[in-house]
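A.B. asks: Dropping the sequence and predicted coords here.
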Amino acid sequence: MEHFFLHTMVGSIILIVLKVLAVLVPLLIGVAYLTWIERKVLAAIMLRKGPNVVGPFGLLQPFADAVKMIFKETIIPAKANRVLFFIAPILGFSLSMLAWAVIPANDGWAVANLNIGILYLLAISSVSIYATLLAGWGSNSKYALLGAMRAAAQMISYELAMGLVIASVLLLVGSANLNDIVLAQRHVWFFLPMFPMFIIFFISCLAETNRPPFDFAVGESELVAGFFAEYSSMAFGLFFLAEYGNMILMSAIISILFLGGWLPPLDYVPFTWIPGPFWLIIKILICLFCFIWVRSAFPRYRYDQLMRLGWKVFLPFTLAWVVLTAGFMMATGIGIYGGAA
Amino acid sequence: MQAILGNYLPVLIFGVISLIIACAMLGAALFCAKQKPYAEKNSPYECGFPAFEDARQLFDVRYYLVGILFTIFDLEMVFLFPWALTLSKIGMFGFFSMLAFLVVLTVGFIYEWCKGALEWD
């Protein structure tokens, strides 16, 4: 049996498929329940009850929504470019799932333990801009096109800040492997020495995922629904799942880069009893709560302010921080946190 | 080479499976729901009016400008990554070489700022 899974071609492929499903199935259920959590948290903040009809505490609401979406008519606008119109949601959804291939849930527990895991994540998040652009262009509607243009400009602007923040973390670690990045935080989680970068990264994540207060791409009150205004049924559902999947992904990246991934907060007995994946899930949930909290607490930003914040505040500040970190390391001796290099 | 490519096999399989899931969900919706298209339903949404003109018209040049500026800084980032990973090996010489590069880049950035390429109003 062991020989079959580890040493034959078919066996190893079956093993990989099982691993992939072990990531994707909980992930999809998590995405479904994130919509429920968001509605419940928003309701609690606004002193409402939230979904409470379908099942106990409304727990079956996500499944009711999914069934409803499947039984809705898929409307294809007459002037739309049909191929692009359908490629966009498929691309968006697949990419938001694909990024999970490198996320380690415990020491070495990743589907693909790539030595350039963080670059892979950056690449995936860059390509996912195409899903937004194709949706806006393919549906041939003014609202959709405007929303897509805004989303693309916003996402590429904040990707720069994110990339520089990641570069400063890589300076401390000396490896682009996500496993090594977490292990380098055994003594101190990076959000303490890199606190400003942690805050900038969190805000950039809000902008990258088009979440309020940076939801210009969707802007209900002006662009109706932005780049997916023309989508209905499951095509809309895929965008919806992709957005929430990206939220969980960004929370996972924040946890891995700054909050010590699967590591317990203190390396002593009551904390080490809880296995690593649970710590990662707890950290992801805390980040997700912050995403939802921000949505309920802040009004929408203005687009020129958003661009100013990205280009004139975050970009120079993160660039200066990278140079400072490198200079500090050169002045005090190499690898203050005992990096892998 | 074989070993490095082998690392990416799970990524390929992951991609294929997520594509299959996405297509299956779209297909299920197309298959289960009754499709009854007519001209009014399929017209592009524009607050109830019939669309005045084609949606693909002129748009603001600043989006293009942002794209170009992004390319410059993204290339610089790609250059920064290997430097950040190997700083402990390349020592002072590597550190100051990158510093010289960043100074040149910063001069360009200040020029852009003063020219108003970063303004959005």
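C.D. replies: That came through, no problem.
A.B. asks: C-alpha from now on. contacts and neighbour counts both.
C.D. replies: Noted.
A.B. asks: what helix or strand is A:T35 on?
C.D. replies: Remark: A:T35 resides in helix A:9-45, with elements defined by DSSP states H and E.
A.B. asks: same deal with A:L134?
C.D. replies: For A:L134, the element it lies in under DSSP H and E is helix A:117-138.
A.B. asks: Indicate whether the helix holding A:T35 makes contact with chain B.
C.D. replies: Yes. Contact between helix A:9-45 and chain B is present through A:I16, A:V17, A:V20 (criterion: Cα under 8 Å from any Cα of the partner chain).
A.B. asks: Neighbour-wise, which one of the residues you listed leads?
C.D. replies: Per-residue neighbour counts (other Cα atoms under 10 Å in any protein chain shown) across the residues of helix A:9-45 next to chain B peak at A:V20, which has 24 neighbours.
A.B. asks: quick one: contacts for that one?
C.D. replies: For A:V20, the contacting residues are A:A101, A:V111, B:P10, B:I13, B:F14, taking Cα atoms under 8 Å, 6 or more residues apart in numbering or on different chains as the criterion.
A.B. asks: again, only using 10 Å
C.D. replies: For A:V20, the contacting residues are A:14, A:98, A:100-101, A:110-112, B:10-11, B:13-15, B:17-18, by Cα atoms under 10 Å, 6 or more residues apart in numbering or on different chains.
A.B. asks: and A:E243, how many neighbours does it have?
C.D. replies: When neighbours are defined as other Cα under 10 Å, A:E243 has 19 of them.
A.B. asks: for A:D180, same thing?
C.D. replies: Considering only other Cα under 10 Å, A:D180 is surrounded by 18 other residues.
A.B. asks: Say whether chain B is contacted by the helix or strand containing it.
C.D. replies: Per DSSP H and E: A:D180 is located in helix A:178-183. No. Looking at helix A:178-183 against chain B by Cα under 10 Å from any Cα of the partner chain, there are no contacts, and the closest approach is 11.6 Å.
A.B. asks: Helices along chain A, start to end?
C.D. replies: Using DSSP state H, the helices found in chain A span residues A:2-7, A:9-45, A:61-70, A:82-98, A:117-138, A:142-173, A:178-183, A:195-208, A:220-223, A:233-258, A:269-272, A:276-297, A:303-308, A:315-332.
A.B. asks: Now the second one: buried residues?
C.D. replies: What it means is helix A:9-45. By neighbour count on 16 or more other Cα atoms under 10 Å in any protein chain shown, the buried set for helix A:9-45 is A:11-13, A:15-17, A:19-21, A:23-24, A:27, A:30-42.
A.B. asks: and the helix or strand of chain B with the lowest mean pLDDT, how far from the chain's centre?
C.D. replies: In chain B, no helix or strand scores lower on mean pLDDT, DSSP states H and E than helix B:39-42, which sits at a mean of 73. On the basis of Cα atoms, centre = their mean, to the nearest Å, helix B:39-42 sits 33 Å off its chain's mean C-alpha point.
A.B. asks: ok, now which ones touch A:A32?
C.D. replies: Residues touching A:A32, when contacts are defined by Cα under 10 Å, 6+ apart, comprise A:P26, A:L60, A:Q61, A:P62, A:F63, A:D65, A:A66, A:F240, A:L241, A:Y244, A:G245.
A.B. asks: What number of residues are in the vicinity of the fourth one?
C.D. replies: Other residues near A:P62 number 19, with proximity taken as other Cα under 10 Å.
A.B. asks: Give me the pLDDT value at it.
C.D. replies: Listed pLDDT for A:P62 reads 89.
A.B. asks: Mind checking what secondary structure B:E46 has?
C.D. replies: Here B:E46 takes the coil state, with states given by DSSP: H, G, I helix; E, B strand; the rest coil.
A.B. asks: Just say which of the helices of chain A is most tucked in.
C.D. replies: Here the criterion is mean neighbour count by mean count of other Cα atoms under 10 Å in any protein chain shown, and of the helices of chain A the winner is helix A:142-173, at a mean of 25.
A.B. asks: Give me the helices and strands touching that one, please.
C.D. replies: Other helices and strands packing on helix A:142-173, by 3 or more Cα pairs under 10 Å, 6 or more residues apart in numbering or on different chains; DSSP states H and E, are helix A:117-138, helix A:178-183, helix A:195-208, helix A:220-223, helix A:233-258, helix A:303-308, helix A:315-332, helix B:61-115.
A.B. asks: among those helices, which is nearest A:I70?
C.D. replies: Nearest to A:I70 among the helices and strands packed on helix A:142-173 is helix A:233-258; the distance by Cα to Cα comes to 5.8 Å.
A.B. asks: So the closest one, near chain B or not?
C.D. replies: Yes. Judged by Cα under 10 Å from any Cα, helix A:233-258 comes into contact with chain B at A:S233, A:M234, A:A235, A:F236, A:G237, A:L238.
A.B. asks: repeat for stretch A:120-137
C.D. replies: Yes. Counting by Cα under 10 Å from any Cα, chain B is contacted by stretch A:120-137 at A:W137.
A.B. asks: now the chain, which segments are flagged as low pLDDT?
C.D. replies: Just going to use chain A. In the predicted model, chain A carries pLDDT under 70 at residues A:1-2, A:219-221, A:334-341.
A.B. asks: The intended chain is chain B.
C.D. replies: Residues of chain B that meet the cut-off, pLDDT under 70, sit at B:1-3, B:47-50.
A.B. asks: who touches A:A80 in this structure?
C.D. replies: The contact partners of A:A80, by Cα under 10 Å, 6+ apart, come to A:A135, A:G136, A:W137, A:G138, A:S139, A:N140, A:S141, A:E230, B:N42, B:S43, B:P44.
A.B. asks: Columns distance to B:F70 on top of the residues you listed, output as TSV?
C.D. replies: Formatted as TSV, the contacts of A:A80 follow (distance: Cα to Cα, whole Å):
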residue	distance to B:F70
A:A135	22
A:G136	20
A:W137	21
A:G138	24
A:S139	26
A:N140	26
A:S141	26
A:E230	29
B:N42	37
B:S43	35
B:P44	32
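A.B. asks: Quick check: of those, which lies closest to B:A22?
C.D. replies: For B:A22, the nearest member of the contacts of A:A80 is A:A135. The distance, counting by Cα to Cα, is 15.4 Å.
A.B. asks: Give me the distance between the closest residue to the closest one other than its chain neighbours and B:N7.
C.D. replies: Leaving out its chain neighbours, the residue that sits closest to A:A135 by Cα to Cα, 6 or more residues apart in numbering or on different chains is A:A88, at 5.2 Å. Going from A:A88 to B:N7 by Cα to Cα, to the nearest Å gives 28 Å.
A.B. asks: unless I'm mixing things up, A:K312 is touching B:E119, no?
C.D. replies: Yes. Here A:K312 reaches B:E119: they are 9.4 Å apart, a contact under Cα atoms under 10 Å.
A.B. asks: which residues do those two both contact?
C.D. replies: By Cα under 10 Å, 6+ apart, A:K312 and B:E119 have these common neighbours: A:Q305, B:W113.
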